[in-house]
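Q: Predicted structure and sequence below. I'll ask about it afterward.
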Amino acid sequence: MDAVAPIPQSTSQATLGELIAEARRLLEQAGIESAEQEALWIVEHVLRLPSHHVITDRDRLLSSSELAATRGLIARRVGREPLQYILGTQEFCGLEFEVSPAVLIPRPETELLVEYVTQRISAERQATIVDVCTGSGCIAVAIARLRPHARVMAIDLSGSSLHVARRNATRHGVGERITWLEGDLLGPLAEQGLEGLVDVIVSNPPYIAEAEWATLQPEVKLFEPRGALVAGAQGTELHERLLQEAVRYLAPGGVVILEIGAGQARGLRRIVEQLPGYKFHRLVYDEAGLERVVIVERVGA
Ligand SMILES: C[S@@+](CC[C@H](N)C(=O)[O-])C[C@H]1O[C@@H](n2cnc3c(N)ncnc32)[C@H](O)[C@@H]1O
């Protein structure tokens with residue numbers, strides 16, 4: 001773990017302004033880039049303050065329980081726990097998702113997957129869409145909301161992430177619209193009678209190569225579930241296995257929409273070219289200009 005400065009003895013009395021200054025200083029010392037902003041978010045969260053109050057109420061003397069609660073969360077962030085786990089939420093596609101250490105924190109670039117699913121499936125269509133490796137359920141929930149006539153199924157190997165995903169679906173009013181299945185990739189579909197009937201299989205599977213794990217920032221390496229991130233020696237092992245399994249379930253013209261890591265597109269293209277029943281359709285870059293999504297089409301079924 002990266003070394004962080006020890007937390008100095010805190011005073012037992014402080015105003016809101018003093019607490020914010022103390023929090024910012026501790027976060028800066030811990031190497032947190034946006035220390036000022038994060039200090040404000042944590043204080044607002046603990047004290048349940050609307051954001052302008054952190055400015056207007058700076059002289060308010062805080063109670064000892066308010067100080068202890070805020071300092072507790074600051075200490076977690078100083079230990080490099082991701083802010084999203086501390087606050088318990090992350091926004092994705094304009095919706096607020098519960099997150100806990102049981103699930104990967106949804107990333108903004110993953111919204112591209114939702115965008116390409118909705119490009120492919122019109123709002124009126126009664127399509128069948130499967131989100132594999134659903135984690136927090138962010139992709140499945142966003143799609144269920146954007147495509148109200150679609151049948152949505154979501155699969156994950158981790159039972160504890162499915163609990164979080166179900167709560168997220170209920171929170172966004174689509175709890176009854178999504179079928180949750182626990183198991184390895186498309187294994188759980190075997191019982192569903194969906195051979196040749198699925199229009200879209202979308203997935204953000206683990207895609208970090210084992211050797212890369214050690215190089216990740218502490219927030220990811222120490223706190224996010226390893227099983228949500230690391231795939232194998234190459235990083236594309238799960239993509240390959242998913243494509244092998246998917247051919248049986250896809251309808252003619254159906255697609256697999258996959259998130260990938262930078263530098264994985266070429267290898268994945270080769271894998272697709274060697275698999276019967278597929279055509280490489282498209283590679284999409286994210287806002288940072290990195291390879292991010294591949295779309296593979298089912299042909300000749
Ligand atoms: C990168 S996370 C994606 C989570 C979420 N879809 C997102 O985009 O934020 C990968 C997820 O895949 C799950 N997973 C890992 N191996 C799996 C497997 N063999 N079969 C099904 N799910 C798997 C993990 O539990 C984790 O929830």
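A: Nice, I can see it.
Q: Distance of the closest residue to I129 other than its chain neighbours relative to G72?
A: Once flanking residues are discounted, I129 sits nearest to V200: 4.6 Å by CB to CB, 6 or more residues apart in numbering. Just so you know, the C-beta spots here come from the backbone N, C-alpha and C atoms, and that holds for glycine as well. V200 is 43 Å from G72, where distance means CB to CB, to the nearest Å.
Q: So for the two, which residue has more residues nearby?
A: The residue with more neighbours, out of V200 and G72, is V200; 26 against 12, by other CB atoms under 10 Å.
Q: Make sure I have this right: that one is in a strand.
A: Yes: V200: assigned to a strand according to DSSP: H, G, I helix; E, B strand; the rest coil.
Q: For beta bridges, what are the partners of Q90?
A: Counting by DSSP bridges, Q90 forms beta bridges with F97.
Q: What is the burial count for it?
A: For Q90, using other CB under 10 Å, the count is 22.
Q: I'd like to know how far it sits from the ligand.
A: Distance of Q90 to the ligand, given as CB to the nearest ligand atom, to the nearest Å: 9 Å.
Q: wait, that residue sits on I105?
A: Yes: counting by CB atoms under 8 Å, Q90 does reach I105; the two are 5.2 Å apart.
Q: Tell me the residues of the protein that contact the ligand?
A: For the chain, the residues in contact with the ligand (CB under 6 Å from any ligand atom) are 104, 106, 110, 133-136, 138-139, 155-158, 161, 184-185, 204-206, 227-228.
Q: And the residues you listed, which of them are buried?
A: Among the residues of the chain next to the ligand, those buried by neighbour count (16 or more other CB atoms under 10 Å) are 104, 106, 110, 133-136, 138-139, 155-158, 161, 185, 204-206, 228.
Q: what's the pLDDT at the residue in the stretch 101-250 of the chain that the ligand sits nearest to?
A: Nearest residue of the stretch 101-250 of the chain to the ligand, counting by CB to the nearest ligand atom: G135, 2.4 Å away. As predicted, G135 sits at a pLDDT of 98.
Q: ok now do it, which residues does it touch?
A: The neighbours of G135, taking CB atoms under 8 Å, 6 or more residues apart in numbering as the test, are V103, L104, P106, D156, S161, V164, A165, N204, A228.
Q: Skip the chain neighbours and tell me the closest residue to the fourth one.
A: With CB to CB, 6+ apart as the measure, T134 is the residue that lies nearest to D156, at 4.8 Å, once sequence neighbours are left out.
Q: Please report the residue range of the longest strand in this protein.
A: strand 250-259 (DSSP state E).
Q: In helices only, show me the residues of the chain next to the ligand.
A: C138, I139, S161 (DSSP state H).
Q: Looks like the second one contacts V202 (just checking).
A: Read it as I139. Yes: using CB under 8 Å, I139 is in contact with V202, at 6.0 Å.
Q: Mind listing the shared neighbours of those two?
A: Common contacts of I139 and V202, defined by CB under 8 Å, 6+ apart, comprise L113, V117, D131.
Q: Count the residues that sit near the last one.
A: The local packing of D131 (other CB under 10 Å) involves 30 other residues.
Q: Parallel or antiparallel, list what pairs with the helix or strand containing it.
A: Assigned by DSSP states H and E, D131 belongs to strand 128-132. Strand 128-132 has the following strand partners under DSSP bridges: strand 151-156 (parallel), strand 198-203 (parallel).
Q: Any chance of those strands in a markdown table with distance to E96 as columns?
A: What follows is these, written out as a markdown table (distance: least, CB to CB, whole Å):
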| stretch | distance to E96 |
| --- | --- |
| strand 151-156 | 18 |
| strand 198-203 | 21 |
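Q: I'm done for today, thanks for sticking with me.
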